[in-house]
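# Sequence and predicted structure, then a few things I'm wondering about:
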Amino acid sequence: MTSLSVSQVIGVDDMDIPLAGNVKGRQGKRRPAVGGATDTGATVGKKGRTADLGALKLPSHGYPTEHPFNKDGYRYILAEPDPHAPFRQEFDESNEWSGKPIPGWLYRSLCPGIVLLALHDRAPQLKISEDRLAVTGDRGYCMVRATHGVSRGSWYWEVCVEEMPEGAATRLGWGRRYANLQAPLGYDKFGYSWRSRKGTRFHESRGKHYSNGYGEGDTLGFLIVLPQSATTKYTPNTYKDRPLVKFKSHLYYEDKDNIQESLNNLKPLPGSKIYYFKNGECQGEAFLDIYEGCYYPTVSLFRNVTVSVNFGPNFKHAPSSEFTYRPMSEKAEEAICEQTMADLLYLTENEGKLRLDNFNL
């Protein structure tokens, strides 16, 4: 089984510290559900066979406390056994599996059952609250993405600026998976942001005047409109052809970033739009014809500002009736269906290869 290199995993979360101030009280109000798809892990027992996974319970926030971060060109996707994988029983009963890598197709990526801030897909210096619905910054700009992204349809989410000390700032909005976590959102071609200072909008490090600024106590809204496109791939990756690596008794798919290829494939999506809202008031169209792809709710913070997020379905300031949208919270169940379909398609299309792999075990 592959091991994580020191260069790929720099540091591990000890225990994410519950935030102080106004945010601390939110922890008792909304916690992710425990059980189902978010309450299993993966490990390897003697002779390389899978062990009893029911014993590896995840924390209440639904993700291992100690985990590899996405960084240095590698991404890590938490895996769980795929009950639909062929030859699963033969694998579990095999005594000739010692020292051999576990085939990735026997597992599947664990799909969270609720939209939250991602613990692994963030800059490590950011502090995430226990309920994963608030975050505090550190020194320089760095960011965190949500657990789910969208690639078609109209979607909305909110941010409340809980604490913004003097000199702190935020850039909030929508970012893709390759947006640099150690930079402000909008630094590269993979993100579109709205800055607290002067209300500037940013993309590819180019700032343009958009609205008045915002600050502590304000509630910001983020609406993205992504029309259907014949050239956009909507089926999520299965990662079943990727290697599995073990870290702190859990298995992860290891996926290597290919940023240059993604840059080469960027193309505008006609009719796509991004709108920003301040305390329920639309500030106008911020971006038009953005690059097609999958976009995640994204928060980037400068210094020790604290913000809380609301993915719905109940918003403090919902957009007016002239806007049609779905709350980001609805993406969780849809993503599980999409991931299940992608996994079944992979197993069906590769049945011959998997049968041969099983014969050679």
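Now that the structure is in, tell me what you want to look at.
# what's the span of stretch 250-266, first residue to last?
One end of stretch 250-266 to the other measures 34 Å (Cα to Cα, to the nearest Å).
# can you pull the buried residues of that stretch?
250-255, 262 (16 or more other Cβ atoms under 10 Å). For every residue, glycine as well, the C-beta is placed using N, CA and C.
# what residue ranges in the stretch 251-361 of the chain score low on pLDDT?
Applying pLDDT under 70 to the stretch 251-361 of the chain flags residues 352, 355-361.
# Do a quick rundown of the strands in it.
With strands called from DSSP state E, counting those that start in this stretch, the stretch 251-361 of the chain shows them at 273-278, 281-288, 296-302, 306-310, 326-327.
# Hey, what's the angle from the longest one to strand 273-278? Just curious.
Right, strand 281-288. 150 degrees (axes from the mean of the first three to the mean of the last three Cα atoms, to 10 degrees).
# pull the CA atoms of strand 281-288 into PDB?
Extracted in PDB, the C-alpha atoms of strand 281-288 (Å, rounded to 0.1, in the frame of the first residue of the first chain):
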ATOM      1  CA  GLU A 281     -30.000  44.000  -1.600                       C
ATOM      2  CA  CYS A 282     -28.600  42.800  -4.900                       C
ATOM      3  CA  GLN A 283     -25.500  44.800  -5.800                       C
ATOM      4  CA  GLY A 284     -25.900  44.000  -9.500                       C
ATOM      5  CA  GLU A 285     -24.200  41.600 -11.900                       C
ATOM      6  CA  ALA A 286     -20.600  41.100 -10.800                       C
ATOM      7  CA  PHE A 287     -19.400  38.700 -13.500                       C
ATOM      8  CA  LEU A 288     -20.800  37.500 -16.900                       C
END
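# which helices and strands sit right next to that strand?
strand 191-195, strand 201-203, strand 273-278 (3 or more Cβ pairs under 8 Å, 6 or more residues apart in numbering; DSSP states H and E).
# Touching the second one from outside, list them.
Outside strand 201-203, the residues within contact range by Cβ atoms under 8 Å, 6 or more residues apart in numbering are 171, 184-187, 189, 191-195, 207-210, 276, 286-287.
# what sits against Thr200?
So Thr200 contacts 194, 207-210 (Cβ under 8 Å, 6+ apart).
# Just the buried residues of those.
For these, buried by 16+ other Cβ under 10 Å: 194, 210.
# Specify which member of the contacts of Thr200 is nearest to Glu349.
Trp194 (41.7 Å; Cβ to Cβ).
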